[in-house]
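Asks: curious how this folds, go ahead:
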Amino acid sequence: MSALDPSQVWTRFSRDPRDPVAAALRAGDADRAVLADVLGEAFSDGRLDRAEYDERSDVAVRARTYGEFVPLLQDLVPTSGPAAAPVRSAPSADLEQRAVAAYERKRRDAWVEATTITLICVGIWTAISLAGGWNPHFPWPLIVAVVTFADAIDKTFSREKYLGKERAKLERKARRELRDQDRKELPGS
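Replies: You can find the predicted model right below:
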């Protein structure tokens, strides 16, 4: 059995492609990814053969507006019923603050982790070297230090990359929470 729930397909898009107001609006990559996912699930269920899947996938990649999605899905999922409400996102200022806080916490944790691991390794190396009457062995803690501090340095100097990842994660979480909240508000749920 597929994970495709026909009653929930339209809520996965940021705007309902069946909504006449949204039909002419340009769709984003995230919505095209949802479309590709639905087509892939239909193919894996055997509701599309290989040629149909390839043809629809090609059209999906080139689709520019939400209205172009409906013909690709109309024989796979019900197209009638009330339009799904657009996915509301968290206020961007709040989202940005949360993303920065999460990035700062991860950056700080990377430095603490690198320092802690390196100090433990140096302590072990020193104890082993002292056990032989100070016969220093190969300084292998340097290798550990290079690897662990490289991650901390990357997190420090690649701020925008990590902030982008945090923003995307928080946006996905906010969309999921709003979708769950909307489902709870529906009568009969």
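
Asks: where does the residue nearest the centre of the chain land in three-state SS?
Replies: The centroid of the chain falls nearest to residue 169 when counting by Cα atoms, centre = their mean (5.3 Å). State at residue 169, reduced to three classes by DSSP: H, G, I helix; E, B strand; the rest coil: helix.

Asks: centroid-wise, who is the farthest residue in this protein?
Replies: What lies farthest from the middle of the chain is residue 133; by Cα atoms, centre = their mean that is 53.6 Å.

Asks: where does that one land on pLDDT?
Replies: pLDDT, residue 133: 77.

Asks: does it sit in a helix, a strand or a coil?
Replies: Secondary structure of residue 133, reduced to three states by three-state DSSP: coil.

Asks: that one and residue 29, how far apart?
Replies: As judged by Cβ to Cβ, to the nearest Å, residue 133 and residue 29 stand 64 Å apart. C-betas here are computed from N, CA, C, even on glycine.

Asks: domains in this protein, by residue range?
Replies: Following automatic domain parsing, the chain resolves into domains at 9-73, 92-185.

Asks: for these, give me JSON lines that also has distance to residue 79.
Replies: Shown next, in JSON lines, are the domains of the chain (distance: least, Cβ to Cβ, whole Å):
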{"stretch": "domain 9-73", "distance to residue 79": "6"}
{"stretch": "domain 92-185", "distance to residue 79": "19"}
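
Asks: right, so those: which one is the most enclosed?
Replies: Ranked by mean neighbour count under mean count of other Cβ atoms under 10 Å, the domains of the chain are led by domain 9-73, which reaches a mean of 17.

Asks: how far is that domain from where the chain is centred?
Replies: Chain-centre distance of domain 9-73: 19 Å, with Cα atoms, centre = their mean, to the nearest Å.

Asks: what is the least confident helix or strand in this structure?
Replies: Within the chain, no helix or strand scores below helix 159-185, which has a mean of 80 by mean pLDDT, DSSP states H and E.

Asks: just checking, what packs against that helix?
Replies: For helix 159-185, the packing partners by 3 or more Cβ pairs under 8 Å, 6 or more residues apart in numbering; DSSP states H and E come out as helix 92-131.

Asks: against residue 99, how distant is residue 54?
Replies: Using Cβ to Cβ, residue 54 is found at 38 Å from residue 99.

Asks: good, wrapping up.
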